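# For reference, the sequence and a predicted model appear below.
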Amino acid sequence: MSAPALSARGLARHYGGVAALRGVDLDLAPGEIRGLIGPNGAGKSTLVDVLSGRAPGSAGSVRLFGQDITGLGPAARRHAGLARSFQRTSIFPALPVGAQLELAARRVGATDAPRLLEELDLARLAAVPAQETAYGDQRRLDLALALVGPPRVLLLDEPAAGLTAEESLALADRLRELARARGVTVLLVEHDMEVVFRICERITVLELGAILAEGTPQEIRRHPEVVRAYLGSAAA
Ligand SMILES: Nc1ncnc2c1ncn2[C@@H]1O[C@H](COP(=O)(O)OP(=O)(O)OP(=O)(O)O)[C@@H](O)[C@H]1O
């Protein structure tokens, strides 16, 4: 059997006395889109921070296609093929959209900026400073910046935050299409359950820093503990 694209064992992280992660195990199969859901404060962003190397874990290990990357910082992990986006938009506001993508591509030695501009409907905005574009355009730019390369594994922290329901679903469909075409494995943190149930093959549920459940969208929708802890009426 081939190695998981991303594999974590026993990940823990504390903020002072608060245990934000308490021994999380996670295996993402190559090419899958995995949803990561859970109530506010469950530890989702902390898990993304520890997986990406932005925050050190206090225990545990991370492997990327079998390679132990636990000791690597964020830049070395990005170089190895593990990319992430941030909850808040990560763009430089005054820089034109096209220049931002070119810059991001150059950093990882990639040449796919023009193609991503086309594929995310940003070509018409290439010369426009990002801060002058609509919010939905900025979220698509964030996705383009995350996909540049492309990375082998992408950690996405709420890419649809602040979008309308319609825009969120359109972004989700585009993400699925682009990730599949490139064979990118995705871990998607998202509060919008419509988005998660629509594009994720499997879903992991975190609660209080530990995994509460893992399964297909259908299994997660019906999981009594998940419905109690998180989904409530969204499961209907
Ligand atoms: N910088 C920090 N300092 C102290 N405590 C923190 C810090 N960041 C997170 N925490 C705590 O760690 C726990 C997990 O937070 P985290 O932001 O990872 O959760 P989350 O699931 O991403 O939440 P949300 O859905 O609201 O983004 C929470 O109890 C939170 O208060």
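Yep, it's here.
# The spatially most central residue of the chain: what's it in contact with?
For the chain, residue 156 is the residue whose C-alpha lies nearest the centre (C-alpha atoms, centre = their mean; 1.6 Å). Residue 156 makes contact with 84-85, 143, 146, 175, 186-190, according to C-beta atoms under 8 Å, 6 or more residues apart in numbering. For glycine as for every other residue, the C-beta is placed from the backbone atoms N, C-alpha and C.
# Tell me the one of the residues you listed nearest the ligand?
Among the contacts of residue 156, residue 189 lies closest to the ligand (C-beta to the nearest ligand atom), at 6.9 Å.
# Around that closest one, how many other residues sit close by?
25 (other C-beta atoms under 10 Å).
# returning to what we had before: could you report the pLDDT at the residue nearest to the centre of the chain?
For residue 156, the model assigns a pLDDT of 96.
# Sheet partners, orientation included, of whichever strand or helix holds it?
For residue 156, the host element (DSSP states H and E) is strand 153-157. Using DSSP bridges, strand 153-157 pairs in its sheet with strand 82-84 (parallel), strand 185-189 (parallel).
# Just send those strands back as CSV, with mean pLDDT too.
Putting the strands paired with strand 153-157 into CSV (pLDDT from 0 to 100) gives the following:
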stretch, mean pLDDT
strand 82-84, 94
strand 185-189, 97
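# deepest of those strands, which one?
Most buried of the strands paired with strand 153-157 by mean neighbour count (mean count of other C-beta atoms under 10 Å) is strand 185-189; its value is a mean of 26.
# Can you show me the CA trace of the next helix or strand after the strand holding residue 156 as CSV?
Per DSSP H and E, strand 153-157 leads on to helix 165-182 as the next helix or strand towards the C-terminus. Taking Å, rounded to 0.1, in the frame of the first residue of the first chain, the C-alpha atoms of helix 165-182 are listed here in CSV:
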residue,chain,number,x,y,z
ALA,A,165,-24.0,30.6,0.0
GLU,A,166,-23.9,30.7,-3.8
GLU,A,167,-20.3,32.0,-4.0
SER,A,168,-19.2,29.4,-1.4
LEU,A,169,-20.5,26.5,-3.5
ALA,A,170,-19.0,27.9,-6.7
LEU,A,171,-15.6,28.2,-5.0
ALA,A,172,-15.9,24.7,-3.6
ASP,A,173,-16.7,23.3,-7.0
ARG,A,174,-13.7,25.1,-8.5
LEU,A,175,-11.5,23.8,-5.7
ARG,A,176,-12.6,20.2,-6.3
GLU,A,177,-12.0,20.6,-10.0
LEU,A,178,-8.5,22.1,-9.7
ALA,A,179,-7.4,19.8,-6.9
ARG,A,180,-8.5,16.7,-8.9
ALA,A,181,-6.9,17.9,-12.1
ARG,A,182,-3.6,18.4,-10.3
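# Flag every buried residue along helix 165-182.
By 16 or more other C-beta atoms under 10 Å, the buried positions in helix 165-182 come out as 167-172, 174-176, 178-179.
# and which of those is nearest to the ligand?
residue 168 (16.0 Å).
# Now that closest one. Nearest residue, chain neighbours left out?
residue 160 (3.9 Å; C-beta to C-beta, 6 or more residues apart in numbering).
# cool, residue 121 as well?
Excluding the flanking residues, the one nearest residue 121 by C-beta to C-beta, 6+ apart is residue 140, at 6.6 Å.
# pLDDT at that neighbour, what is it?
Residue 140 is given a pLDDT of 94.
# Would you confirm that residue 204 contacts residue 217?
No. The criterion here is C-beta atoms under 8 Å, and residue 204 misses it with residue 217 at 11.8 Å.
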